[in-house]
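> Build me a model from this:
(chains A, B and C)
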Amino acid sequence: MAKLIMTADDSASVRQMVSFTLKQSGYDVVEAVDGQDALSKLGSQKVDMLITDLNMPNLDGIGLIKGVRAGTLNKFIPIVMLTTESQEGRKQEGKTAGATGWIVKPFKPEQLIAVVKKVLG
Amino acid sequence: MSDLTLAHMLNDAGQLTITIGGRLAIDTTATLKDFLLEQLPTAKSIRLDTSALQEIDLTGMQLICSACWTTQSENNTFSFSGVPAPCLAQAIDNLGFHDHKVCKHNADISCIWCGGIN
Amino acid sequence: MSSPQEQHIAAYREEANELLAELETSLLELEEQPEDNDLINRVFRAMHTIKGSGAMFGFDDIARFTHEVETVFDQARNGKMKVTRTLLDLTLQSRDQISAMLGASAGGPPADEARGQQIIAGLQALLPQVTPKPIITETIIADDKGATEQICHHTFRIRFKPEPDVLLRGTNPAALLNELRDLGHCDIIAQSENIPLLHNLTPEHCYLYWDVILTTIKGLEAVKDVFIFVEDDCELKIELINDSCSLIQGTDDTYKKLGDILVERGDISPVEMQKILSMQKRFGEILVEQGIVPAAKVESALKEQQQVRQVRQERTVTSPAAETSLSVRVPAERLDHLVNLVGELVTVQAHLTQTADEKRDGDLISIAEEVERLISELRDTTLTMRMLPIGSTFSKFKRLVRDLSAELGKEIDLETSGADTELDKTVIEKLNDPLVHLIRNSIDHGIEMPEVRKAAGKPTKGIVHLGAEHSGDSVLVTIRDNGAGLDKERIRAKAIEQGLISAATELTDKEIYNMIFAAGFSTAQKVTSVSGRGVGMDVVKKAIEALRGTIDITSEAGKGSVITLKIPLTLAIIETLLVRVDTHFFVLPLSMVEECVELSRADVAAAHGRHLANVRGALTPYLSLREQFEINDNQPEIEQIVIASVAGSRVGFVVDDVVGEHQTVIKTLGKLYRDVQGISGATILGDGTVALILDPATLVRSAELAGD
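Numbers count the residues shown, from 1 in each chain, chains lettered A, B, ... in the order given. Next comes the predicted model:
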C-alpha cells in the first residue's frame, strides 16, 4: 500500500509543489492548511509521515509537532519540518518538540524525496 | 496495518506457549510487555510462536531479547516455537543481529537470534 | 496544458498577491495597534511565506528583497525594536515594491531596483547594528563529494549509538542502517547488551547500538549526511580505517576480519571469539542437535519460510488512500466558460419546456420539469462558485483612506462591516473604481478638517464607514461618513449656475442630492488632487448602472451622508419581466418592476397627449416603447403600462402585452451596438427569438432630454 504523507503548510503553492512531487514518487498525500487543521486531521487519520512548515497561523509548526507527539494515533510518525536559513533557533526548538528532521527552504523536488526516503526507510 | 494479537496456553508440564501475530512495533510493544510481565511468573518454560507476526520493529526485537534474558536470569527457558515469521528473519538481517552467536548478557548461552533463523 | 512547474509558479503568483493584500491589511491594523504581537506575527509570517515560497519557485529577486525586509521586521517581532510610523511606511513601500517585482515577472513593467535599494537602506538605517546576512541557498543533501577523478574505496568504522528517546522523535534507526547499506558494502552488528530486564524496559526506548564497517566510494561527508538528523541525538563515531587511494593501511582493499576488529576494539575477548567460531552452526542445526524438532521438519519449515517470503514479496498491494483536499483553485476563465455553458443550457431548457407544453405530451412535460429543476440548481451552484467575499476590496481602501487623509491633513478612520458578504467576482472587480471615487469624495467633501470638526463639537477624527449586506438578490454597499453632510443650498445654486435647472424649479431633497450625479457637477470650493475635478459622481452613477445597480444618497447637514449602492448578486443571469410590442420582445429587470396597469385609448385621450397616466390618483409619467423604438404596426386598443422604479421615482413603460417572468441569460451586444441608448444587452428566448434587455435608467434619461 502506498505510504500516506501529510503536508501542512499555509502556503498553497508550497503545498501544491510538495503534494505534486510526492504523488509523482508514488506516495499518497493529505493536505492541511495550518497546524490546527493538521492536528485535527491527524487525530482521526493514521498517516505514515508529516511534513510541516514552521510558520503557520492558528497553530504553528512547533505547536503541531508537540501536539502530534502528545497524541496517540500518530505519536511515533516521522515529522519533517520546513525551515529557512534564518530559523536556526527554530530548528532546534523543533527538534526538542520532537521533529525527526528538516528540509531547508528553498529545496528542489529531488531533495524532498531524498528526505522522505531517508526518514520513511 | 493490523494490531497486535496475543494468545497463550499453559500445558500441564508448566510450558507456556505465547502466540503473537500482527504487528509488534513501537505502538504495540508495551502491550506485549505488560502481558509478558503478567505471564512469565506462571511458567517454567516459555515458547514464543511468531509465525503469525506480520511486522516487527526495533522495539519488538528489543522486547523479545529482554524477555529472553529475563526468563534465563530466573533459570527458566525461553525458546521459539513454530515457523518463525519472515518479518522476524528480515529484522534480524536489517538490524544486524545475524552475527549474534552468544547472548550479549551472558556469554555462556547462545543468543535467541543466534545463528538463529537465518 | 502548462507544465507542473509553470502551474506552481502561477499558484505562487496568485498566493503572493493574496499575501501582499494580507500584509497591507495587517500593517494598517498594526499602525492602530503597534503593540499587537499577533499582528506583528501576521506581518512576519506573510513576508516569510512570500520569501520562502519565492525562492522555491525561482523568484530569487523577491526572496532576496523580502529577506532584507523580514530581517529588519524580525527585530520588531523579537521586541528589540518598536513598531514606528517610519517602519510601517517603509514596510508598506516594500510591499508595493514586492508587488511590482511580482508584476514584472508576469510580463509587467520592470520594478525600480534603485527604489528597492532605497527602501532597504531606509529600513537598515532603523537598526544600524544589523549587518545584512546574504541568503544562503544551502542544500542539506550534499552532492557527491566523493566523486573525484580517481575512484577511491574508503573503509569506515562507524559506531552509532542513539539516545534512548530517539524513537520518540520518529527516527527509524533501521532506515539509517539501510541508507548506509546503499552507500556500499556494509557489515552491521547490533549491540544489545544495554537491553534491560523486562520490568526495567521502556518499550519505546532504543537500547540497541550498532557497529558498522562500511566500504564505499563516497566520502566522509556522504556518511555523515546519513546521520544529519540525529547527530545531536546520538553518540556517533566515524573513523576512516582504510583508503585505497592513500597508503594509510595496507594496499589491498580487503579489511580485517570482523572478529579481529571486534577484538581490536575490545568488544569481545579473544576467548569469546574462539567460542563463537566454534559455534558456527545454524539455528536449525542447534534445534536438531538438541532434539527439539526433527531434522525433516526444520528442513520443511525453512522451505516454507522461503516460499512464504517469496509469495509475500510478490504480493505488493497498492490501494491509494482516500485523498482529502479543502479547495481547488480554478482559473477564472474556466469558471466564466462554465457560466456561459450554463447560460446556454438555461436557454435550451426554456426551449424544451416550451416545446413540451406545445406538444401536450405528459411524459415530455415531466422530463422537461425535471430538467428545469436540475438546471436551476446547476445555475445556482455555478453562480455561487464565482462568488467572492467583498472584503478583499475593502482592505485596499484602508490604504487609500490612510494615504488620502494624510495628504489632506485630515484625521479619518475607515470602518468596515460585512466584509464577508459575497458577490460575483466580476461585479466586485467593477465595483472597485466607483468605490474609490465615492470614498475619495467622502474624504474630500464629507469629512471636515480637524479644527472645523472641533469647532462643531465633533470628535476631530472623522469616520468613513464602508459596509456591505445582502438584501434579496442584491447586495447593499453603503459608504457612510460623519462629516458635514451635503449642502443643499450650494448644490442648488451650483446646479442653477451650471444651467442644469432653472432658478424656479422646485426640487425635493432627494432630487437635489441626485444633482451631484449630473455630468460635470462639482461643488468643491477648490480643486484638490483628491477629488473635485469635475468628473466622478456621474461616472460612478454610470458604472453602477452598468452593473444594473442603483445608487441612492441621503444626507443630514452637520451629521454626514450615506450613499447606498444596490448591486445585483450576479451579472450573468437575471430575473426579468418579458414584454411584447407588436412582434418584438423586450425584457425589464424584475427587481425594478413595481406593478402593471392597463392603458386604454381613452386614458391617453384624457391626458391631452401628455405622457401621464393616472394610477390610483397619482400622476405617473410614462414612455411608450412603441414610440421609443418606432414600432408603428398593430397598436392594440388596450395597452399595458409596466411601472418601474427608476432613480427613486415611478416611471411607466407602455407595451402591448406583458408575457410573464423570464429567467434571462444576458448576452452582451456586439461592439457595433455598444453606444445604443436604452438597451443593455440581449437574450435568447426559448424559441430562439431575440429579446432586448431594456435599461430603464438611460431610457428615462434620453426621454427627459428629448422632452426638454
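> hey, let's count contacts and neighbours off CA atoms from now on
Fine.
> Leaving aside the residues adjacent along the chain, what's closest to residue 98?
By default, I'm working from chain A. C:Arg169 (4.5 Å; C-alpha to C-alpha, 6 or more residues apart in numbering or on different chains).
> switch to chain C, that's the one I care about
Here the residue nearest C:Ile98, using C-alpha to C-alpha, 6+ apart, is C:Ile62, at 6.3 Å.
> What's the per-residue pLDDT of the residue nearest to A:Gly98 here?
Per-residue pLDDT puts C:Arg169 at 88.
> shouldn't it be in contact with A:Val80?
No: at 10.1 Å, C:Arg169 and A:Val80 do not qualify as touching, with contact defined as C-alpha atoms under 8 Å.
> Now do the shared contacts for these two.
By C-alpha atoms under 8 Å, 6 or more residues apart in numbering or on different chains, C:Arg169 and A:Val80 have these common neighbours: A:Ala99, A:Thr100.
> Compare neighbour counts for those two and give me the winner.
A:Val80 (27 against 23; other C-alpha atoms under 10 Å in any protein chain shown).
> Bridged to the closest residue to C:Cys186 other than its chain neighbours, which residues?
Once flanking residues are discounted, C:Cys186 sits nearest to C:Leu214: 4.5 Å by C-alpha to C-alpha, 6+ apart. For C:Leu214, the beta-bridge partners are C:Phe156, C:Cys186 (DSSP bridges).
> average pLDDT across stretch C:681-690?
On average, stretch C:681-690 scores 80.
> Tell me the secondary structure at B:Glu55.
Under DSSP: H, G, I helix; E, B strand; the rest coil, B:Glu55 falls in the strand class.
> Spatially nearest residue to it, not counting backbone neighbours?
B:Arg23 (4.7 Å).
> Pairing partners for the helix or strand that that neighbour is a member of, with directions?
For B:Arg23, the element it lies in under DSSP states H and E is strand B:15-24. Applying DSSP bridges, strand B:15-24 is found paired with strand B:5-10 (antiparallel), strand B:45-56 (parallel).
> Which stretch among the ones you listed is buried most, on average?
Most buried of the strands paired with strand B:15-24, by mean neighbour count (mean count of other C-alpha atoms under 10 Å in any protein chain shown): strand B:45-56, with a mean of 21.
> what's the angle between the helix or strand following that one and strand B:45-56?
Using DSSP H and E, the helix or strand that follows strand B:45-56 in sequence is helix B:58-73. Here the directions of helix B:58-73 and strand B:45-56 differ by 170 degrees (axes from the mean of the first three to the mean of the last three C-alpha atoms, to 10 degrees).
> Same question for helix B:58-73: list its buried residues.
By 16 or more other C-alpha atoms under 10 Å in any protein chain shown, the buried positions in helix B:58-73 come out as B:58-71.
> Ok, stretch C:336-346 next?
C:Asp336, C:Val339, C:Asn340, C:Val342, C:Gly343, C:Leu345, C:Val346.
> any low-confidence regions in chain B?
Residues of chain B that meet the criterion pLDDT under 70 lie in B:1-2, B:99-102, B:104-110, B:112-118.
> Flag every residue of it that's near chain A.
B:Ile26, B:Asp27 (C-alpha under 8 Å from any C-alpha of the partner chain).
> could you dump the buried residues of stretch C:336-346 to JSON lines with pLDDT, distance to chain A and secondary structure?
Listed next are the buried residues of stretch C:336-346 as JSON lines, based on pLDDT from 0 to 100; distance: C-alpha to the nearest C-alpha, whole Å; DSSP: H, G, I helix; E, B strand; the rest coil:
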{"residue": "C:Asp336", "pLDDT": "79", "distance to chain A": "23", "secondary structure": "helix"}
{"residue": "C:Val339", "pLDDT": "81", "distance to chain A": "26", "secondary structure": "helix"}
{"residue": "C:Asn340", "pLDDT": "81", "distance to chain A": "28", "secondary structure": "helix"}
{"residue": "C:Val342", "pLDDT": "86", "distance to chain A": "29", "secondary structure": "helix"}
{"residue": "C:Gly343", "pLDDT": "81", "distance to chain A": "32", "secondary structure": "helix"}
{"residue": "C:Leu345", "pLDDT": "87", "distance to chain A": "34", "secondary structure": "helix"}
{"residue": "C:Val346", "pLDDT": "83", "distance to chain A": "35", "secondary structure": "helix"}
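> my guess is the residue nearest to C:Cys186 meets C:His153, correct?
No: contact criterion C-alpha under 8 Å: C:Leu214 and C:His153 do not qualify, at 9.8 Å.
> from the chain's centre, how far out does the helix or strand containing C:Arg492 sit?
Secondary structure assigned from DSSP H and E places C:Arg492 in helix C:488-497. The chain centre lies 45 Å from the centre of helix C:488-497; the measure is C-alpha atoms, centre = their mean, to the nearest Å.
> Now do stretch C:688-702: everything it contacts.
For stretch C:688-702, the external contacting residues (C-alpha under 8 Å, 6+ apart) are C:351, C:545, C:584-589, C:623, C:646-647, C:651, C:677-685.
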